[in-house]
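Novice: Give me a model of this one.
(2 chains)
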Amino acid sequence: MLPEFGFLALIFAFLFSLALGVLPLLGYYRQHAGLMRLARPLGLGAMAFLILSFGVLTWNFLNDDFTVRYVVNHSNSMLPWYYKVSAVWGGHEGSMLLWVMILSFWIVAVAAFSKKLPLDMLAVVMSMMGLVLAAFNAFLIFTSNPFDRVLPFPPADGRDLNPLLQDPGLILHPPMLYMGYVGFSVAFAFAISALLIGRLDSAWARWSRPWTNVAWVFMTLGIALGSWWAYYELGWGGWWFWDPVENASLIPWLLGTALIHSLAATDKRGVYKGWTVLLAISTFSMTLLGTFLVRSGVLNSVHAFANDPSRGFFILLIFAVFTGGSLLLYALRLPALQAGARFQWVSREMFLLGNNLMLTLYTVIIILLTFAPVVNDLLGLRTISIGPPWFNDITTVLAPLLVLLLGVGQWVRWKKHDLKPVMRWSAWALIASVALAVLCNWLYAQHINWRVVLGLSLAWWLALSTLKTLYDSTHKAANPLLGLRKLSRSYYGMILGHVGLLVMIVGVTMATQYEAHQDVRMAPGDRYALGNWTFEFREYDERAVANYETQMAFFNLYRNGRPAGELLAEKRFYPVAGQLMTQAGILGQLNRDLYVSMGEPLTADRETWSVRLHVKPFVRWIWLGSIIMALGAGLAILDKRYRRIKLGET
Amino acid sequence: MRWVVFVPFFVVMVAATVFGYMLSNNEQEGSAPSTRIGQPLPAFALEDLVDPELQRVNEDMLGEPFLLNVWGSWCPSCRIEHPVLNGLAADGVRIIGLNYRDTRDGGIEWLEERGDPYVFNVFDPIGEFGFDLGVVGAPETYFVDAEGIVRHRHVGILNERHWENTLRDVWESL
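Specialist: This is a model prediction of the structure:
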């Protein structure tokens, strides 16, 4: 009976979300405060039933209820309990249920943290989110019921969770990413409400800013976590593959980044109101499109879920109704709302516009490249394959332009700045950056690689710009240290975000340009040199440890002939889970990773192995940069100005 | 210039139509659980499970219809499925095994313990052929005709009931 209760809870959640989508909105049009006040309890009700439903499914997994088809397909009685829990979102139905539940969390969070929002605004915002929730809830109920039974002949055991997903990194990656995806629905709901109510002022932007930042933090960490997992666990040695589903998460991330910046301009200066609304709509639309891509099987990808056209149509319908509807509303309402403050050519407003144009252009190109093979196929043209080089080239062109703008944009004044000092600083900083980059490259490698010089120049350019930004904002204070203390949290958030980008640029540049790897055949005692580094296969051993059997290869590492550490690469066999795992040996240092993954034994006595050796300079800086960026955005949320609006002082 | 604000709306509507068209094209092939249906098996060259000296390629399989069964000694469900395969092989169904993400010793030991219904087994320790084929997990069974075209895919344990209900007809139509 329990699974049926889970399904029943899902239906109740649907009814609550439908009511949430309709009643407060009706209340707004009738100006009926009672109906509008229903938003909070209805949101809470929907969340309660979704938690109940999710709990039932989790319970079914933990208790190996193999009468439930979804449990059969994604679990097994021998799976350890924590993988049974994460298997709940290991497939289409369960991950969709998680998606919907997280959306209900956001709805309740909006209700909880917006006590001082005008009632009509809150009612419309929650109604909009309620409609999204109802749509996806219906999607679950009608096409993807996770509680579907296999009766009357339940199998004896489950088909097991895809071995690739049996990894701690993957327990966290999907929930994080969904928090980000779904979080952008808040900015979307605020934008639509502003359009509907016609209150498209800077207060709207200020309300949305912290929410957008929270969503962006989760999304940044979610993507970084996925990238780290691919690097660490898959043993492929790469950190980004331009896979369509990776792109599906990068696209809303880029638009979300643009949105954060245009919201700043709208909040502080009241400019770009129309554009910001359009971005808020587009960002959320792209998360819907991403969901469609992953679930419909239109694109072939390692991540893609099983192909089911009826699901594809349903999500396409959701996408068309919400995106189409809101863009139509945008087109009809916008002309009445235009009015903005004036600013000059050289001003922060202009540089933020440049930032937005670059990020949008980059996003559009990535969308086109991702879809080009499919569209080509559709038109019956010969199949083309668009590989990573295309994406890398476009990034090498656009990222420098974006960073150049950023280097000036973060300290240039709002409204108007004299052209002369900007030009003077830029010229000197540019020369200094290139000179420092050439120097660094020479000191590091004793040769000059123009791609490395480009990347490091950008990093230096950002570093100099950040120093200038801090100097500008403190040099008038009597005591510079006191001046630093007076700067706001959102200001430090900005600085930190940009420093994160700097760190990431260094990581990407060095890791892609100076990465070296080699597949070699090695037996104990063998040595192999890769650049300055020598890998020595010291000894081989086999052992039965707690719950697995392991084949271990110990390596000594030498730098220029001097001992520099050791590492252990393993191949583990888990008899209970029945699984063979490659545990790459990584000697991680801040400036480089040395990385060994074991391939296959080449002799019957398992003494000689094929192994892959990597040297990856600065690769950790990529994830470190993401974390710093996320910290920056997180710090900005804590700014006092947002707390003030909650207290209703503006 | 007022029409400019409608551009995003029209772009999205056109995109949605294109996607819809793509989806309906997908559907014409039947609610196929695999994009491989109607397509030839992907090319491969892998060692035989039992005899590492022997290289197995596509041509070794073709000539007569067969079932390509994906299994591994690590897979608990395969344990349940195995007797069914033994029975089918005894009835003259040609079954070729794809030993998936397994160790050679584990696979051989399995066959010695539980009987060998397979004509031969392709050894795919890192799952490269499985990946090309679109295998999600074990067990899976592909119904392939004499020319090597995949006609049907069965995901999960293949039991007597499946066989009697639908799969026998699929097999006989090959």
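Novice: Just the residues contacting stretch B:47-65, thanks.
Specialist: Stretch B:47-65 has contacts (CB atoms under 8 Å, 6 or more residues apart in numbering or on different chains) with B:41, B:43-46, B:68, B:94, B:96-97, B:99, B:104, B:107-108, B:111, B:120-123, B:143-148, B:171, B:174. Every C-beta, even on glycine, is put in place using the N, C-alpha and C of the backbone.
Novice: Can you flag the buried ones in these?
Specialist: B:41, B:44, B:46, B:68, B:94, B:96-97, B:99, B:104, B:107-108, B:111, B:120-123, B:143-145, B:148, B:171, B:174 (16 or more other CB atoms under 10 Å in any protein chain shown).
Novice: Just the ones of those residues in helices?
Specialist: B:104, B:107-108, B:111, B:171 (DSSP state H).
Novice: nearest residue to A:Ala477 other than its sequence neighbours?
Specialist: A:Gly483 (3.1 Å; CB to CB, 6 or more residues apart in numbering or on different chains).
Novice: Next, give phi and psi for that neighbour.
Specialist: Per-residue torsions, A:Gly483: phi -60, psi -40 (degrees, to the nearest 10).
Novice: Which residue ranges of the stretch 351-500 of chain A form helices?
Specialist: Counting by DSSP state H, counting those that start in this stretch, one finds helices in the stretch 351-500 of chain A at the ranges A:388-409, A:419-445, A:450-474, A:480-486, A:489-513.
Novice: Next: chain B.
Specialist: Using DSSP H, helices in chain B cover B:7-28, B:76-90, B:104-114, B:128-133, B:160-162, B:168-173.
Novice: wait, which of those is closest to chain A?
Specialist: helix B:7-28 (4.0 Å; CB to the nearest CB).
Novice: Show me what counts as buried in that closest one.
Specialist: Buried residues in helix B:7-28 (16+ other CB under 10 Å): B:8-9, B:12, B:15-16, B:19, B:22-23, B:26-27.
Novice: Now the two most distant members of the residues you listed.
Specialist: B:Pro8 and B:Glu27 (28.7 Å; CB to CB).
Novice: Nearest residue to the residue nearest the centre of chain B in space, please, no chain neighbours.
Specialist: Nearest residue to the geometric centre of chain B (CA atoms, centre = their mean): B:Tyr142, 4.0 Å. Leaving aside its sequence neighbours, B:Tyr142 sits nearest to B:Leu68 (CB to CB, 6+ apart; 4.2 Å).
Novice: can you pull the contacts of that neighbour?
Specialist: B:41, B:61, B:96-98, B:141-142, B:144.
Novice: try B:Gly97
Specialist: Contacts of B:Gly97 (CB under 8 Å, 6+ apart): B:49, B:68-69, B:71, B:118, B:120-122.
Novice: Just give the nearest non-adjacent residue to B:Pro40, would you?
Specialist: Going by CB to CB, 6+ apart, B:Pro40 has B:Gly148 as its nearest residue, at 5.1 Å.
Novice: now the stretch 301-450 of chain A, which segments are flagged as low pLDDT?
Specialist: A:301-309, A:335-341, A:374, A:377-385 (pLDDT under 70).
Novice: what does stretch A:8-27 contact?
Specialist: With CB under 8 Å, 6+ apart, stretch A:8-27 has contacts from A:32-39, A:42-43, A:45-46, A:49-50, A:52-53, A:56, A:97, A:100, A:104, A:107, A:123-124, A:126-131, A:133-134, A:137-138, A:140-141, A:145, A:147.
Novice: go on, stretch A:139-151?
Specialist: With CB under 8 Å, 6+ apart, stretch A:139-151 has contacts from A:3-4, A:6-7, A:10-11, A:14, A:56-57, A:60, A:66-70, A:72, A:92-94, A:96-97, A:100, A:308, A:310-311, A:314-315, A:318.
Novice: repeat that with 6 Å
Specialist: A:3, A:6-7, A:10, A:14, A:57, A:67, A:69-70, A:93-94, A:96-97, A:310-311, A:314 (CB atoms under 6 Å, 6 or more residues apart in numbering or on different chains).
Novice: same check, this time on stretch A:533-553
Specialist: So stretch A:533-553 is contacted by A:522, A:524, A:526-528, A:554-556, A:558-559, A:568-574, A:598, A:613, A:615 (CB under 6 Å, 6+ apart).
Novice: rewinding a little: any idea which of the contacts of B:Gly97 is closest to chain A?
Specialist: Scanning the contacts of B:Gly97 for proximity to chain A, where the rule is CB to the nearest CB, the winner is B:Trp71, at 11.6 Å.
Novice: For the spatially closest residue to that closest one that is not a sequence neighbour, the count of nearby residues, please.
Specialist: In space, and not counting its chain neighbours, B:Trp71 is closest to B:Cys78: 4.4 Å by CB to CB, 6+ apart. By other CB atoms under 10 Å in any protein chain shown, the residues close to B:Cys78 number 23.
Novice: residue contacts, B:Cys78?
Specialist: B:71, B:138-139 are the contacts of B:Cys78 under CB under 6 Å, 6+ apart.
Novice: Which single one of those is nearest to A:Ala633?
Specialist: B:Ala138 (42.8 Å).
Novice: The closest one against B:Asp102, yeah?
Specialist: No: using CB atoms under 6 Å, B:Ala138 is not in contact with B:Asp102, being 8.9 Å away.
Novice: Among these two, which residue is more densely surrounded?
Specialist: B:Ala138 (30 against 26).
Novice: residues near the closest residue to the more buried one other than its chain neighbours, how many?
Specialist: Leaving aside its sequence neighbours, B:Ala138 sits nearest to B:Cys75 (CB to CB, 6+ apart; 4.2 Å). Residues contacting B:Cys75 under the criterion other CB under 10 Å number 25.
Novice: confidence score at the most centrally placed residue in chain A?
Specialist: When CA atoms, centre = their mean is applied to chain A, the residue found nearest the centroid is A:Met219 (3.1 Å). Per-residue pLDDT puts A:Met219 at 95.
Novice: Spatially, what comes nearest to it if we skip its sequence neighbours?
Specialist: A:Gly180 (2.7 Å).
Novice: Can you give me every residue that contacts the one you found?
Specialist: A:Gly180 neighbours (CB under 6 Å, 6+ apart): A:215, A:218-219, A:222.
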